[in-house]
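Asks: fold the stuff below for me.
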Amino acid sequence: MTYRLALPAPGLAARARAAFAVSPDKPNDLALAALAVWSATHGLTMLIIDHLTRPDLSIDEMIERVLSTVAQGLVARIKATDSASEG
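Replies: Purely as a prediction, here's the structure:
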């Protein structure tokens, strides 16, 4: 099987970089983003283990909401970029 590397469309790399609140070109930003994700998941895991979660939400729902919130924070910049270009 042969694989061929496709070249990105012009401007695609810049658009991809603008899509995330964390720049892949800044190691400190990546490290802080990883720490934020780890902290959120570790904190939720400890709450679940210690039975300190909300009784009105299932564990699966809490996990989904926490991960969704973290993910939304990592892609928030694309919304701001799109809004600025529309106005």
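
Asks: tell me where this structure has helices.
Replies: Counting by DSSP state H, the chain has helices at residues 12-18, 27-49, 59-74, 76-86.

Asks: what is the mean pLDDT for the third one?
Replies: Averaged over helix 59-74, pLDDT sits at 89.

Asks: could you check the angle it makes with helix 27-49?
Replies: 160 degrees (axes from the mean of the first three to the mean of the last three C-alpha atoms, to 10 degrees).

Asks: can I get helix 59-74 in CSV? Just the C-alpha atoms.
Replies: C-alpha atoms of helix 59-74 as CSV (Å, rounded to 0.1, in the frame of the first residue of the first chain):
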residue,chain,number,x,y,z
ILE,A,59,-21.6,9.9,36.2
ASP,A,60,-21.6,9.6,32.4
GLU,A,61,-23.5,12.9,32.1
MET,A,62,-21.0,14.6,34.4
ILE,A,63,-18.1,13.3,32.4
GLU,A,64,-19.6,14.4,29.2
ARG,A,65,-20.3,17.9,30.5
VAL,A,66,-16.9,18.4,31.9
LEU,A,67,-15.1,17.1,28.8
SER,A,68,-17.4,19.2,26.6
THR,A,69,-16.7,22.3,28.7
VAL,A,70,-13.0,21.8,28.5
ALA,A,71,-13.1,21.2,24.7
GLN,A,72,-15.2,24.3,24.2
GLY,A,73,-12.6,26.3,26.0
LEU,A,74,-9.9,24.9,23.7
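
Asks: who's in contact with that helix?
Replies: Helix 59-74 has contacts (C-beta atoms under 8 Å, 6 or more residues apart in numbering) with 20-22, 33, 36-37, 40-41, 44, 48, 53-54, 57. Backbone N, C-alpha and C define where each C-beta goes, glycine included.
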